[in-house]
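**Q** For reference, the sequence and a predicted model appear below.
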2 protein chains.
Amino acid sequence: MPELTGNVLVAQSGGPTSVINASLAGVITEALNHECIEEIYGGLNGVLGILNEELVDLASESQQTIRALRHTPGAALGSCRYKLKKDEDFDRVLQVFEAHNIRYFFYAGGNDSQDTADKIAKLADARNYGLRVIGIPKTIDNDLPTTDHCPGYGSVIKYVATTVREMAADNASMPTGDFVSILEVMGRSAGWIAAGASLAKRRDHPNDAPHLIYLPEVAFTKEKFLEDVQRVLRREGYCSVVVGEGLVDEDGNYVSVTTSGARDAFGHAALGGAADYLKSLLEEGMNVKARTAKLGYAQRAAVHCASKTDSDEGFLVGQAAVKAGVAGETDLMVTLVRTDGDHYGVETGLAPLSEIANGVKQLPREWIHEDGVSMNHQFVRYALPLIQGEVPLPFDNGLPVLAHLDKHRVAKKLDPYQTA
Amino acid sequence: MPELTGNVLVAQSGGPTSVINASLAGVITEALNHECIEEIYGGLNGVLGILNEELVDLASESQQTIRALRHTPGAALGSCRYKLKKDEDFDRVLQVFEAHNIRYFFYAGGNDSQDTADKIAKLADARNYGLRVIGIPKTIDNDLPTTDHCPGYGSVIKYVATTVREMAADNASMPTGDFVSILEVMGRSAGWIAAGASLAKRRDHPNDAPHLIYLPEVAFTKEKFLEDVQRVLRREGYCSVVVGEGLVDEDGNYVSVTTSGARDAFGHAALGGAADYLKSLLEEGMNVKARTAKLGYAQRAAVHCASKTDSDEGFLVGQAAVKAGVAGETDLMVTLVRTDGDHYGVETGLAPLSEIANGVKQLPREWIHEDGVSMNHQFVRYALPLIQGEVPLPFDNGLPVLAHLDKHRVAKKLDPYQTA
């Protein structure tokens, strides 16, 4: 493969994670090692910034800032949910690449983003434009295929499991015998995050919180729920429930919308989410007190409780993307491959972008305990290594210090473009 | 004051905080220093455990466990919301004290708990039973009078401000121009916690998140809310809102119940809370996307993000309670007194329990910015010292290690008692 000299463009897409900027730091750090790479540009707000030629010079950021990216949530370059639609969009991307001599394109994102990267790679190839496109996995949802797990997932479940363990210590304090704590976590279509809450149990303490986990993978019924809660209340005197926001009933409909039929003052469906729905069932079906908490976007931004393993792997996949591009690879995404052996270890691999774009990794049904409301040892063996270690976080005046990029703009060379 | 030899009873009451067990550790540690103190007992579940003679031997707990109390949320001895009602209850308390030669009673709690402690102290005095009763301040709500602030408050606002700062980094990533993030925090009757979110702003960055804080102290109107949000969206491209759960309208009614009139499937009022209510207003009144998060009990248990200043002060008030009792004081609560000078410092003081029981410390109106949705420098000067420092937390297998008391029971000496 001939050496390709030119500039790097790195961009971020989709919902952020606690470690998406660790990958960005990995790309920048590694790119500086290669003479074939001249400039390191960032595209603002994913493909949107590329279409609009909004590029920033990342090499001019201070080393301090780049280091701080390793503990800064959100997408430091800005993200987007924009989907390239028409042929003109793709043409424009290549025009921008050509104008700025972009020869290496690294795109951090989930399925949709890797689909976009795949199409750009194939178009460049068809046009004989020398371009190396490498995707960087990123999603708290942990649903990308071929990779063992996704950077971002370990941190979100470390935070959720920590929260469950802490809340349980609080809940257990009150001797009412009828208190139910319901924590709602993200995961619209899969229970990966809710499942991760199970790590809050101490080893050999199966009765620790969380006592009941409701996953989108297991059809929800009110009857079993009330039985489950009653059983736990009798045993523990309180009950810790974790529910994934995407909980569905036996017909596959979201419970929070369709089953409860809750309406707000204006007749909108689904004011409350899954946790509020479960609370309403308890208040109707049993005489118990329930309180909900919903971590919302806090969970994907909680870098103060991030996993060092996850953060390091986030950095690693950024580095690996650059190495793969420089080595002549293209139209691939970096994957994490779990090594064999007694101790956890990962290596990076590569998988076709088209495979990532069109697949979804489900939570294996056989990792769910037969009671339907807890995870078995197979899940724990998979997930526990991902939350190991804590990210050292600098504090100033009592609060974590986050990176703020200077974002020195690269001069535009093209006429403005009309995005959809 | 003659020396009083006998046993200590310490108990915890009301809603836990991240540092209520630091106070317990302070009591135990200090009690070991005094020869007039023979046994150190804990009462399980506050006054309930006293009525039921459920006492545990705290001196037999390992030193490791006592040290771990400094970073364990929840009330390690169990808490209660039980109120001593009839004369028989008070008689029973004194019988239990006499049976176990309790001469020092330390009670950690809020207004109601200090009221109970006050009555016990006065009854013992009237009966000529030698007893020293010292209250230990505890509440995330920061609403106890005479003390500069309450242990528990610094930690909850450190966690809330950290969460706001992290979520803002995430929110700012998405360039939609119409995204509103709404975080609901505790505080049924006062805005102390919501106000604390303002610390998330960096110094000299007044436009940092949180952009809008809605406090129970400021009557809420829909019209101003929509204007506020529109102004921020135009300026920042996204909007970070923090709302106290006790938000009220111009008539003093909780907005989440009375204004929205939201009903769940069973006709119950108030499925959603204040955040969900604000979200519904935005979706009705403006074409914007809003997402809510509600920290719930996670915020008062988040020891992984506790303030070292707060934790140390929690320990200090526990120690001070024992010192005061041994010195012959009774019917008083330990207070925190801010020292004069350029740098923050505290000493402990003492205040009559009856004063604590009957007062509430309001958030000063003059600390709220005239815009009604942010805090001014007076609040920051008050609150910023309270979140300084981080509590070193041992992790095992990726999660914080919490204390679990052995709770060796003290043999009962009385007949069972029938609680209400």
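**A** Structure received.

**Q** In the stretch 301-420 of chain A, what residue spans correspond to strands?
**A** For the stretch 301-420 of chain A, the strands defined by DSSP state E, counting those that start in this stretch cover A:332-338, A:346-352, A:395-396, A:399-400.

**Q** is it possible to export those to TSV including distance to A:Q230, mean neighbour count and mean pLDDT?
**A** Bear in mind the C-beta positions are built from the backbone N, C-alpha and C, glycine included. Below are these laid out as TSV (distance: least, CB to CB, whole Å; neighbours: other CB atoms under 10 Å in any protein chain shown; pLDDT from 0 to 100):
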stretch	distance to A:Q230	mean neighbour count	mean pLDDT
strand A:332-338	40	23	98
strand A:346-352	43	17	98
strand A:395-396	44	12	96
strand A:399-400	42	22	98
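
**Q** Select, out of those, the one closest to B:H149.
**A** strand A:399-400 (18.0 Å; CB to CB).

**Q** thinking again about what came up before, now the strands of the stretch 301-420 of chain A in JSON lines, with distance to chain B?
**A** Below are the strands of the stretch 301-420 of chain A laid out as JSON lines (distance: least, CB to the nearest CB, whole Å):
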{"stretch": "strand A:332-338", "distance to chain B": "17"}
{"stretch": "strand A:346-352", "distance to chain B": "16"}
{"stretch": "strand A:395-396", "distance to chain B": "6"}
{"stretch": "strand A:399-400", "distance to chain B": "6"}
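
**Q** Next, format these as JSON lines and append distance to B:L414.
**A** Listed next are these as JSON lines, based on distance: least, CB to CB, whole Å:
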{"stretch": "strand A:332-338", "distance to B:L414": "60"}
{"stretch": "strand A:346-352", "distance to B:L414": "61"}
{"stretch": "strand A:395-396", "distance to B:L414": "51"}
{"stretch": "strand A:399-400", "distance to B:L414": "51"}
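
**Q** right, and those - which one's nearest B:G244?
**A** Closest approach to B:G244 among those (CB to CB): strand A:399-400, 20.2 Å.

**Q** strands paired with that closest one, and their directions?
**A** Strand A:399-400 sits in its sheet next to strand A:395-396 (antiparallel), going by DSSP bridges.

**Q** how far does the partner strand sit from the chain's center?
**A** Centroid separation for strand A:395-396 versus its chain: 26 Å, with CA atoms, centre = their mean, to the nearest Å.

**Q** so where's the stretch 151-300 of chain A shaky on pLDDT?
**A** Along the stretch 151-300 of chain A, segments meeting pLDDT under 70 span A:257-272.

**Q** List the buried residues for stretch A:97-115?
**A** A:97-98, A:100, A:102-111, A:113-115 (16 or more other CB atoms under 10 Å in any protein chain shown).

**Q** Looking at those, spot the one nearest A:T72.
**A** Using CB to CB, the buried residues of stretch A:97-115 come closest to A:T72 at A:A108, 13.9 Å.

**Q** List the contacts of the closest one.
**A** A:10-13, A:20, A:23-24, A:135-138, A:318 (CB atoms under 8 Å, 6 or more residues apart in numbering or on different chains).

**Q** Out of those, which sit inside helices?
**A** With helices taken from DSSP state H, the overlap with those comprises A:20, A:23-24, A:318.

**Q** now those as a markdown table including pLDDT?
**A** Converted to a markdown table, the ones in helices among the contacts of A:A108 look like this (pLDDT from 0 to 100):
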| residue | pLDDT |
| --- | --- |
| A:I20 | 97 |
| A:S23 | 98 |
| A:L24 | 98 |
| A:G318 | 98 |
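
**Q** residue ranges of the helices in the stretch 1-150 of chain A, please?
**A** For the stretch 1-150 of chain A, the helices defined by DSSP state H, counting those that start in this stretch cover A:20-31, A:47-51, A:63-68, A:87-99, A:111-126.

**Q** can you list the residues of the stretch 101-250 of chain A near chain B?
**A** When proximity is defined as CB under 8 Å from any CB of the partner chain, the stretch 101-250 of chain A approaches chain B at A:158, A:161-163, A:165-175, A:181, A:183, A:199-200, A:203.

**Q** I only care about those that end up buried; give me the PyMOL line for that.
**A** In PyMOL syntax, the buried subset of those is picked out as below (16+ other CB under 10 Å):
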select buried, chain A and resi 158+161+162+163+165+166+167+168+169+170+171+172+173+174+175+181+183+199+200
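
**Q** Show the pLDDT at the closest residue to A:G389 other than its chain neighbours.
**A** Nearest non-adjacent residue to A:G389, counting by CB to CB, 6 or more residues apart in numbering or on different chains: A:K308, 2.9 Å away. You'll see A:K308 listed with a pLDDT of 98.

**Q** can you pull the contacts of A:K308?
**A** A:K308 neighbours (CB under 8 Å, 6+ apart): A:388-391.

**Q** Next, count neighbours for A:I213.
**A** With neighbours defined by other CB atoms under 10 Å in any protein chain shown, the count for A:I213 comes to 27.

**Q** Assign it to helix, strand or coil.
**A** When classified by DSSP: H, G, I helix; E, B strand; the rest coil, A:I213 comes out as strand.

**Q** So it is in contact with A:N376, correct?
**A** No: in this structure, A:I213 is not within contact of A:N376 by CB atoms under 8 Å, at 11.7 Å.

**Q** Tell me which entries of the residues of the stretch 101-250 of chain A next to chain B lie within helices.
**A** Under the assignment DSSP H, these contribute A:158, A:161-163, A:165-171 to helices.

**Q** Would you format these as JSON lines with distance to A:E35 included?
**A** Formatted as JSON lines, these follow (distance: CB to CB, whole Å):
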{"residue": "A:K158", "distance to A:E35": "38"}
{"residue": "A:A161", "distance to A:E35": "44"}
{"residue": "A:T162", "distance to A:E35": "44"}
{"residue": "A:T163", "distance to A:E35": "47"}
{"residue": "A:R165", "distance to A:E35": "49"}
{"residue": "A:E166", "distance to A:E35": "50"}
{"residue": "A:M167", "distance to A:E35": "53"}
{"residue": "A:A168", "distance to A:E35": "54"}
{"residue": "A:A169", "distance to A:E35": "55"}
{"residue": "A:D170", "distance to A:E35": "56"}
{"residue": "A:N171", "distance to A:E35": "58"}
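
**Q** re earlier: with distance to B:L131 and neighbour count added, can I get the contacts of A:A108 in TSV?
**A** Shown next, in TSV, are the contacts of A:A108 (distance: CB to CB, whole Å; neighbours: other CB atoms under 10 Å in any protein chain shown):
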residue	distance to B:L131	neighbour count
A:V10	69	26
A:A11	70	30
A:Q12	64	31
A:S13	67	31
A:I20	59	33
A:S23	63	32
A:L24	63	30
A:G135	71	34
A:I136	67	30
A:P137	65	30
A:K138	62	32
A:G318	65	32
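
**Q** Nearest to B:L353 among those?
**A** Nearest to B:L353, judged by CB to CB, of these is A:I20 at 52.5 Å.

**Q** Against chain B, how distant is the nearest residue to that closest one once chain neighbours are set aside?
**A** Spatial nearest neighbour of A:I20, excluding adjacent residues (CB to CB, 6+ apart): A:K138 at 5.0 Å. To chain B, A:K138 is 12 Å away according to CB to the nearest CB, to the nearest Å.

**Q** mind checking pLDDT for A:K138?
**A** 96.

**Q** Hmm, it is touching A:G152, no?
**A** Yes: between A:K138 and A:G152 there is a contact under CB under 8 Å: 5.7 Å.

**Q** For A:G78, give me its contacts.
**A** By CB under 8 Å, 6+ apart, the contact set of A:G78 is A:12, A:44-46, A:49, B:172-175.

**Q** okay if I get those as CSV plus distance to B:I66?
**A** CSV is the format used below for the contacts of A:G78 (distance: CB to CB, whole Å):
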residue, distance to B:I66
A:Q12, 47
A:L44, 53
A:N45, 52
A:G46, 52
A:G49, 55
B:A172, 44
B:S173, 44
B:M174, 47
B:P175, 52
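
**Q** show me the contacts for A:G42.
**A** A:G42 touches A:9-11, A:24, A:55-56, A:58, A:77, A:405, A:407, counting by CB under 8 Å, 6+ apart.

**Q** Can you sort out which of the residues you listed also neighbour chain B?
**A** Of the contacts of A:G42, not one also sits near chain B (CB under 8 Å from any CB).
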